[in-house]
Each structure stands twice: as structure tokens, then as C-alpha cells.
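*Asks:* this is the structure alone, sequence omitted:
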């Protein structure tokens, strides 16, 4: 029967990748992977600085409906990062304080919604990181359809179940376990380079001659 509901098993986390990527700025990871990775239009709900890295449990729902999100909460385990594709709709909140507490009690470490959420103060009070496209007090429908642990898109970022997801105040990035360790290596090297650049700026030795070289290549002298 074609009922529009698909529920797949949770993918076990790639612990080494999560450990390696934790704490590296999303902007750095975007830079070292071609500057096309990352979300657009999603913002952190928490007022204080938040950074979270975990295992993607993905959900796709129709606009304004959260039935399959409730079902996904059952399978969350410690270290999971709930990733919800709500079609970018912000007319109804798909997630709030009650569902956040369920996720936290299950051991989930964060969530991201390409949709609206509500009860925003509860996320800060509970120190539970959340990113969303919008905020709306209006509640959702609970009819379906939807899918759990399928490829989803949040803010233009494709996330697969079992990906390593990292979020900070600048946004969200996600990487396959196949590349997570290499991306982490490149990210850590970039952090060292940028730290050295900032130090050079502070001590007056920063060399910006690269600007002239680029302009010369474009025909300007």
C-alpha cells in the first residue's frame, strides 16, 4: 500500500569522525571542502554560544506536520543529532519544549529544522542546541506522511542518515563517515594557518601582497 510513510533503522554513529570534527568551526570546514558545504537561511535558536557534533538521524515531513518526528524520537540514542527537512515551511512549528525534552532525555545532543520551532526560551534554558528556519507559536498537524532515516535537505545541505553533523553559530555542515577524518585533518591544518594569520595581524607582520597579485592577474596594475 502506498501510504507515503517510510521508516528505516537508525545508522550507528561513526564515533571517530564525531570526535575528530568536534569543535572545528563550520566556516573552516566549509572553506577546506570547496566552500559549497553548509546551510543557508537556518539560524541558531540559542542565545549563548553553541557547538554540537553528532550522528545524523534524519526525518522528512510534509509542511506543517510532525507525526514522523514524534516517531523518530523513539529511536534516538546518546550522541544523535536530529535533522528535519520540513520543506522550508514556517507557517507552523514542528518542534517545541515537550519534544525537545524527549530528545534530550534520549541522549540527543542537538537538532536542526528546515522549518519553524517554538518555545524558544526552553532550548536556551536546557542548553539544547537548535537551528531552525523560523519561529512560530502555531502548532502542527499530526497526520503524515513522512520518512525517517532517508536523505534530506536542510538549508540546501544534503544530509544522509549516519552522517557526522556539526553545528555552531555560523551554521550546519555534514560529512559522510567516508570523508570525515580527512575533512577533520584539513580543518585542523586550516585552523593552524588562520591562527598564524591573526597573530601576524596583531604583531604587524601580516603580508597582504596577494591582493595585488590577484588584481594583476585580472589586468589591473
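*Replies:* Perfect, thanks for sending it. Bear in mind the structure is a predicted one, so any value in this text is a computation, not a measurement.
*Asks:* now the spatially most central residue of the chain, nearest residue through space, not along the chain?
*Replies:* With distances taken as CA atoms, centre = their mean, residue 172 lies nearest the centre of the chain, 3.2 Å away. Sequence neighbours aside, residue 39 is the residue nearest to residue 172 in space, at 4.5 Å (criterion: CB to CB, 6 or more residues apart in numbering). C-beta: built from backbone N, CA, C; applies to glycine.
*Asks:* what separation do you get for the spatially closest residue to residue 155 that is not a sequence neighbour and residue 190?
*Replies:* Once flanking residues are discounted, residue 155 sits nearest to residue 39: 3.0 Å by CB to CB, 6+ apart. Applying CB to CB, to the nearest Å, the value for residue 39 to residue 190 is 20 Å.
*Asks:* okay, the two: which has more neighbours?
*Replies:* Neighbours of residue 39 and residue 190, each counted by other CB atoms under 10 Å, are more numerous for residue 39; the result is 24 against 17.
*Asks:* thinking again about what came up before, surely the residue nearest to residue 172 and residue 168 touch.
*Replies:* No - counting by CB atoms under 8 Å, residue 39 does not reach residue 168; the two are 11.3 Å apart.
*Asks:* and the helices in this protein?
*Replies:* 15-21, 26-31, 67-73, 97-106, 120-125, 177-203, 210-217 (DSSP state H).
*Asks:* check this protein for its longest strand and report it.
*Replies:* Assignment by DSSP state E gives strand 52-61 as the longest strand of the chain.
*Asks:* please name every helix or strand in contact with it.
*Replies:* Judged by 3 or more CB pairs under 8 Å, 6 or more residues apart in numbering; DSSP states H and E, the packing partners of strand 52-61 are helix 15-21, helix 67-73, strand 80-85, strand 110-117, strand 146-148, strand 152-154, strand 164-168.
*Asks:* what would these look like in TSV with mean pLDDT, distance to residue 186 and mean neighbour count?
*Replies:* Formatted as TSV, the helices and strands packed on strand 52-61 follow (pLDDT from 0 to 100; distance: least, CB to CB, whole Å; neighbours: other CB atoms under 10 Å):
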stretch	mean pLDDT	distance to residue 186	mean neighbour count
helix 15-21	98	11	19
helix 67-73	98	32	20
strand 80-85	98	21	27
strand 110-117	98	23	29
strand 146-148	97	32	23
strand 152-154	98	23	23
strand 164-168	98	14	27
